[in-house]
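Q: fold the following and give me the result.
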Amino acid sequence: MASIMIKKAGEGLVSQAHRSADVGPTSGSSIVYEIQNVPDGVGVDDVIAAFKTYRPADKVYEIDWADLAK
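A: Model (predicted):
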């Protein structure tokens with residue numbers, strides 16, 4: 001299982017974040033999320049696609065892959 005860091009920009013663009021980025025709001029209008037327990041074989045593009053249809057709860061920046069894959 002892996003952990004993938006993604007960043008959602010204020011205008012809605014979702015991209016991969018640096019793996020050492022801190023989760024939560026950035027100094028700009030972006031938010032960094034950590035997607036945890038991503039199975040082997042699931043790539044960053046798959047995680048980003050799943051995240052685009054997911055609505056994270058307020059102030060929750062660590063999300064389990066099982067919640068995205070529903």
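
Q: quick one: the helix or strand hosting residue 36 to chain centroid distance?
A: If you go by DSSP states H and E, residue 36 is part of strand 31-38. Computed by Cα atoms, centre = their mean, to the nearest Å, the chain-centroid distance of strand 31-38 equals 4 Å.

Q: any idea of the mean pLDDT in that strand?
A: For strand 31-38, mean pLDDT rounds to 97.

Q: could you do stretch 47-67 as well?
A: The average pLDDT for stretch 47-67 rounds to 95.

Q: related to what we said a few turns ago, partner strands of the strand holding residue 36, parallel or antiparallel?
A: strand 2-8 (antiparallel), strand 24-25 (antiparallel), strand 62-64 (parallel) (DSSP bridges).

Q: list the contacts for the residue located most distally from the centre of the chain?
A: Computed with Cα atoms, centre = their mean, the residue of the chain farthest from its C-alpha average is residue 27, at 17.4 Å. Listed by Cβ atoms under 8 Å, 6 or more residues apart in numbering, the contact set of residue 27 is empty. Yep, even glycine has a C-beta here, placed from its N, CA and C like the rest.

Q: so what secondary structure elements neighbour the helix or strand that comes right after the strand holding residue 36?
A: Sequence order places helix 44-52 as the next helix or strand after strand 31-38, per DSSP H and E. In terms of contacts (3 or more Cβ pairs under 8 Å, 6 or more residues apart in numbering; DSSP states H and E), helix 44-52 is packed against strand 2-8, strand 14-16, strand 31-38, helix 65-68.
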